[in-house]
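**Q** Just to be clear, the model below is a prediction. Sequence and coordinates:
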Amino acid sequence: MTGQIRPLRSALYLPANRASAVAKARQADCDAVILDLEDAVAPEAKGEAREAAIAAVREGGFGHRMLVVRVNAIDSEWGAKDIAALSQCRPDAVLVPKLCHADEANAYRQELGEGPELWAMLETCIAFTQLGAISAKAAGSKLTTFVLGTNDLALEMRAKLDTARAPFLPLLTQAVISARAHGLSVLDGVFNDIADEGGLEQQCRQGADMGFDGKTLIHPKQLSICNAAFNPSEQEVDRAKAIVAAFDLPENAGKGVIKVDGRMTEILHLREAERTLALHQATQRLGT
């Protein structure tokens, strides 16, 4: 398998102007920290949050965790200032809200310069009607990651957002398919009930089964459940090791189909096994 796996099992949202939470995030068991300048910050605190985010990026200390800043929309009264500031301090990625059309990513890229990756929230009905075009043009703007905004999407759809998320399953699948078709990462939306660990686990398993790379979260208490759901299980790791070992046997050299533990196993299963082991090794190095 070529390339290196970058785990994105858990991405933790934090208001950028909450200094104590940002400090704790430097040690949190997450794969990405998202400093929020948008929904989690009141209008009167936008400037303060921007300055706090810039200071956090410059200070660093987040270790292996990707440092992402979610900005306000480029056409809002705060967005242009957010983007101008971040173009100078360069976090790992900038998360843009409510991306609806393919050309919008280029507008952000032009203002940001060559620096950070773009991540994009998918949280409007229009976005899902344009998702093919957005995905096809992603590489040109260094758009690497989709993030589902299921709360905003539920509001716009007038749909019920419960743990099972039946009204949203076609859209979740569409997001995964579009991401995979164009080599993008894709993160599931948040789970709102911090106290409901069972519901969180159910929804994390649902997202993992659907093919998401990970999930966005609103509280550090949710991290361990989320990481466990998006980690390969012990059984999956053992199965992957058996598949790789079987294809490495001299008698199986050049074969496209073999039997492993009595199951027909093709090259496609080998590729998935290699990815499973690469993800497992990456998360083992992180200790989570």
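**A** Cool, got the structure.
**Q** Against the centre of the protein, work out the most remote residue.
**A** E251 (40.5 Å; C-alpha atoms, centre = their mean).
**Q** That one belongs to a strand?
**A** No - with DSSP: H, G, I helix; E, B strand; the rest coil as the criterion, E251 is located in helix rather than a strand.
**Q** Closest to the centroid, which residue in this protein?
**A** For the chain, L187 is the residue whose C-alpha lies nearest the centre (C-alpha atoms, centre = their mean; 3.3 Å).
**Q** Can you name the element that comes right after the helix or strand encompassing that one?
**A** Element membership for L187, per DSSP states H and E: strand 185-188. Going down the chain from strand 185-188, the next helix or strand is helix 197-210, by DSSP H and E.
**Q** Can you name the next helix or strand after that next one?
**A** Next along the chain after helix 197-210, taking DSSP H and E as the criterion, comes strand 214-217.
**Q** Who are the packing partners of that following strand?
**A** strand 10-15, strand 185-188, helix 197-210, helix 223-230 (3 or more C-beta pairs under 8 Å, 6 or more residues apart in numbering; DSSP states H and E). Where you see a C-beta, it was placed from the backbone N, CA and C, and this is true even at glycine.
**Q** Dump these to TSV, plus distance to N72 and mean pLDDT.
**A** Putting those into TSV (distance: least, C-beta to C-beta, whole Å; pLDDT from 0 to 100) gives the following:
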stretch	distance to N72	mean pLDDT
strand 10-15	13	98
strand 185-188	20	98
helix 197-210	27	98
helix 223-230	26	97
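**Q** which one of those lies closest to L161?
**A** helix 197-210 (10.4 Å; C-beta to C-beta).
**Q** Now do the closest one against strand 10-15: the angle between them, please.
**A** Taking axes from the mean of the first three to the mean of the last three C-alpha atoms, to 10 degrees, helix 197-210 and strand 10-15 form an angle of 120 degrees between their directions.
**Q** Show me which residues of helix 197-210 are buried.
**A** Within helix 197-210, the residues that count as buried by 16 or more other C-beta atoms under 10 Å are L200, E201, Q202, Q203, C204, Q206, G207, A208.
**Q** can you map out the helices along the stretch 51-200 of the chain?
**A** Along the stretch 51-200 of the chain, counting by DSSP state H, counting those that start in this stretch, helices occupy 79-89, 102-112, 125-129, 131-136, 150-157, 169-181, 197-210.
**Q** Can I get the ones you listed in TSV including distance to I5?
**A** Shown next, in TSV, are these (distance: least, C-beta to C-beta, whole Å):
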stretch	distance to I5
helix 79-89	27
helix 102-112	24
helix 125-129	27
helix 131-136	21
helix 150-157	25
helix 169-181	15
helix 197-210	15
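**Q** closest to A11 out of those helices?
**A** Closest approach to A11 among these is made by helix 197-210 (12.2 Å; C-beta to C-beta).
**Q** Ranking helices and strands of the chain by mean pLDDT, which lands last?
**A** The weakest-scoring helix or strand in the chain, judged by mean pLDDT, DSSP states H and E, is helix 267-286 (a mean of 89).
**Q** Now render the helices and strands packed on strand 214-217 as TSV, adding distance to L268.
**A** Formatted as TSV, the entries for the helices and strands packed on strand 214-217 read as follows, by distance: least, C-beta to C-beta, whole Å:
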stretch	distance to L268
strand 10-15	28
strand 185-188	20
helix 197-210	18
helix 223-230	21
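**Q** Nearest to V69, out of these?
**A** Between those, strand 10-15 lies closest to V69; by C-beta to C-beta that is 10.5 Å.
**Q** From the contact counts, what lies against whichever helix or strand comes after that closest one?
**A** Using DSSP H and E, the helix or strand that follows strand 10-15 in sequence is helix 19-25. Judged by 3+ C-beta pairs under 8 Å, 6+ apart, helix 19-25 is in contact with strand 10-15, strand 32-36, helix 46-59.
**Q** would you turn the ones you listed into TSV with mean neighbour count and distance to A242?
**A** As requested, those are exported to TSV (neighbours: other C-beta atoms under 10 Å; distance: least, C-beta to C-beta, whole Å):
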stretch	mean neighbour count	distance to A242
strand 10-15	25	28
strand 32-36	26	32
helix 46-59	18	44
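**Q** The residue lying closest to A246 once chain neighbours are set aside: neighbour count?
**A** Counting by C-beta to C-beta, 6 or more residues apart in numbering, V260 is the residue found nearest to A246 once chain neighbours are left out, at 4.7 Å. Look at V260: counted by other C-beta atoms under 10 Å, it has 18 neighbours.
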